[in-house]
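K.L.:
the amino acid sequence is not available; the structure is as follows:
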C-alpha cells in the first residue's frame, strides 16, 4: 500500500481553497496578510496566488498605500473575483437541455431551459445548449471567465432514446455522443468538466437538496420508460468500477419472469417501468396508453389497474429493500411522474421495503417520493462538481471520459 | 451546502503527513530545512513539529553544529522516531484474538494470536489481548508509545455467539460489549481507536491485500454460521447510515421461503449458511453434522449433497449478482471454510452471477474465493486506520462508538 498519486495536487488544492476562503472571509488582503492567515511561506503562497490570478478566481485591487503606516513600497492587495467560483450544471434530456449556475457559495444564481426536437442530433443539442448559456449569461450579467467547472448530465447506457446517428469526427469515425459533448464543452470552456449519467446526478441532488439537512447515503430509483437509479454512499455518488453502477432496473425479482430487453428474465423493469405497467393493464383488459389514461383509471379505482400497480410497487420494494439491507442508507427516494399519478405504487413499495428491512428500528431508512423538479439533473451536476473539491471528496476519475470509451459505448441494446 | 467541520483538522493532518514524509525521505533535518521542503511558514511548522514531538512520532537528534559552515547557534535536528507510525489491528473472534502491527510504511512488522475459551467474557478476552500485545512487543522489540491508531474488529450484530453477560459499569448498568472493549483500549492506549464489525474489516483487507493491485470496490460475503458481508465502494468501507451495512445474509431470495431468525422468509442465510446447508442435506436423508461429514459426501459426489450445495450457490449468486448490478464492483469475493471444502458452491455462484450481470463485458466483476487467512480481520482493521488518513479517505465518524450507542446494542436477536 502506498499513498496514491496526486497527493501534491491535493495539498495544492487544499491550499488554494484555504486562500479563497480567507479572501471570502476578510475581503481584500495583501499577500503577506494572506500568508499569515493560512500559515504558508511567502514562496508557496506566491505560487498559489499566481495560479489563482491566472485562472481568474482572484484579481488585484488597490494597494495598501493609503492605509498603511509603515514605510516601503505599497503592497498590492488581492481580492476574490466578483464572478469567481461559478459552477455550471447541464442536463441534456429527451427534448430539452437545462442549465443552472451557482456561485462559489453554492447558491444558484441563474438557470434556464431550451427545448429541442427529440430527434435532433447531438451537434444540434450542444448548439442549443451553448445558445442557452449565452442567453442566461446575458440576462443575469454572469461572465463565464471564472467558471470553476462544468458538470454535464447525460442519458445513460440504458436510455432507449439515445439519439442516433452520432456525429462523426474529422477522420470519419463515429464519435460516441458522450465524447462529442465532452469535447465540445472542453473546446469552448477552459475549465474542468465532468460528465455522467443524469439519473445518477439526480440521485446526488436529492441527497443534498431533497431534504432539509441533506443525507450522506441514499438509494434512488426513477420509474419512466425504463427504471434508472443512482446510489449515494458516504456522501459520494457511486459510479462503479467501469461506470455502470445504479442500473437498478436490471435487478431481477422473479427468475422465471418476463424476458427483458437486457436478455435475462424477470428484471424489475419488466414489471414496474411505465411501459410494463401499461402493457400489464392492457393485457388484463384495461387499455392504458398514456399517463392520462392511467390517471383516469386510478381515479375510478379500477381493481385490475390497482392490482398491476401493487405488483409494480411490490417488485420495486423488493429491489429497494434488498439494497437497503446491503447499504443501510439514510433515505430511499422513488421518482418519476407515474409515482405522483399512481400513489399506490409508492404505498406498496413502502410496505414491501418495510418487510424486507432488518428488524432494527435504527436501521430503517426514510422512504419518500422525489422532491426536486425538472432541474434535478442540472443541480446534481453542480453538486458533483462541489464534491470533487479535495476538502469534500474526490470524484472518481473514471467518470471523465477517455478517448477510447465514451458513455454511449456503454449502450447494450 | 457548506464545507464540513473538520477542515482545519484535515489541513493540519495533511501538513503532519507531509512533515513525516519529508523526514522519511531525507532523514534528519532542521526545522528550517523542513519548512523549506514542505512550504510552510516557520510558525506553522513549529506548531506541527511540537505536536509530533509530543506524540512521539518524531524525536530530536544531534544539532547541525558539526556540519554547518555559517555562524550562529547550531540548530536542533529532527528525525522520525525509529518506532514511529505504528498501526495495530486487533480481531476478536469466537475463540481467539489476533493482532497485527504495521509500521508507518504499512509493512506488517509483528503479529500474534492468543486463544481463549469461547464462553469467556469480554473482560477476559480483553485481558488476553493485552497480554498478547505485551508479548508481541517484547518479542519484536516494539515499544507502543508511538502508536498512530488501533483498529478493533468485533463480532457483528448478527453474530450468534455474542458473549453474555456483558460486563457492568461502576454504576451497575450493563455496558455494551463493544463499548467496554473500546473503553478498555482507550484507557490503556493514548491513541485514536476505531472499532467495527470484523467481517467488514475482512472485506477491506481483501480489497487491499487480496489481489496484487488491490481494488477500489468489492462485494464480500462469508459463509459460516450465518452469512456476513462487507462492501467496499470507491476505496471506502461502507458502514451505512447507522452501522448496519453489509448484512447480506438477510437479503431475501424467495418470498415464500423458510422463516429466518430475523423474522422474514427466504433470506439467503436460510439457504446458504453452513447450518442451513447441513440441515437441508440431513432433511433429504444424508446426515451432515460437520464440515468433515460434508467433505466426505462431496468426495463421494453424493448427488443429494451436490444438489443442496448448488441451491446454496445459486441463492448466493442471486444476491451477489443483484448487488453487482447495483454497485458495479471490481471484485466479488466469497469466503468461508465451506467454500474451500465444497467448490461447487463457488462454481454455481459464479454461473448465477454471470446470468444476473448486465450483458456488458466491461461491467463484469472478477469473482474469486477469499485469499487471506485467519489474520484477515486484523489486517482489515489496520487498513481501516490507513484509510482514515486525510490523504486517503475519511473513515466515517459513525464507526467510532459514542457513549449512548455501542456495537452490541445493534444486536437484534
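P.N.:
That came through, no problem. Not measured: the values here are computed from a predicted model.
K.L.:
any stretches of chain A with poor pLDDT?
P.N.:
For chain A, the stretches with pLDDT under 70 are A:1-13, A:24-25, A:63-73, A:82-85, A:104-106, A:156-175, A:387-413.
K.L.:
and if we set it to 50?
P.N.:
A:1-7, A:158-169, A:389-413 (pLDDT under 50).
K.L.:
quick one: the helices in the stretch 51-200 of chain A?
P.N.:
Under the criterion DSSP state H, counting those that start in this stretch, the stretch 51-200 of chain A contains helices at A:122-140, A:177-188, A:198-209.
K.L.:
which residues of the stretch 201-350 of chain A lie near chain B?
P.N.:
Contacts of the stretch 201-350 of chain A with chain B, taken as C-beta under 8 Å from any C-beta of the partner chain, map to A:208, A:214-217, A:229, A:231, A:233-234, A:236, A:238-248, A:250-252, A:255, A:262-264, A:318-319, A:322-323, A:325-330. (Each C-beta comes from the backbone N, C-alpha and C, glycine too.)
K.L.:
just the buried ones among the residues you listed, please.
P.N.:
Neighbour counting by 16 or more other C-beta atoms under 10 Å in any protein chain shown classes A:208, A:214-217, A:229, A:231, A:233-234, A:236, A:238-248, A:250-252, A:262, A:264, A:318-319, A:322-323, A:325-330 among these as buried.
K.L.:
give me the subset of the residues you listed lying in strands.
P.N.:
Taking DSSP state E, the ones among these that sit in strands are A:229, A:231, A:233, A:236.
K.L.:
from those residues, pick the one nearest residue B:335.
P.N.:
Nearest to residue B:335, judged by C-beta to C-beta, of these is residue A:233 at 21.9 Å.
K.L.:
these two touch, right, that closest one and residue B:233?
P.N.:
Yes: Residue A:233 lies in contact with residue B:233 (C-beta atoms under 8 Å); the separation is 5.0 Å.
K.L.:
show me the domain layout of chain A.
P.N.:
Domain ranges of chain A: A:7-80, A:86-200, A:211-371, per automatic domain parsing.
K.L.:
which among those domains is found nearest to residue B:30?
P.N.:
domain A:7-80 (15.2 Å).
K.L.:
contact partners for residue A:328?
P.N.:
By C-beta atoms under 8 Å, 6 or more residues apart in numbering or on different chains, the residues touching residue A:328 are A:217, A:363, A:365, B:238-247.
K.L.:
whoops, I mixed them up, residue A:15
P.N.:
By C-beta under 8 Å, 6+ apart, the contact set of residue A:15 is A:38, A:40, A:44, A:48.
K.L.:
how does it look with 7 Å?
P.N.:
By C-beta atoms under 7 Å, 6 or more residues apart in numbering or on different chains, residue A:15 lies in contact with A:38, A:40, A:48.
K.L.:
likewise for residue A:100?
P.N.:
Residue A:100 sits in contact with A:89, A:108, A:111, A:375, A:378-379, A:382, where contact means C-beta under 7 Å, 6+ apart.
K.L.:
now residue A:288
P.N.:
By C-beta under 7 Å, 6+ apart, the contact list for residue A:288 reads A:278, A:281-282, A:294, A:297.
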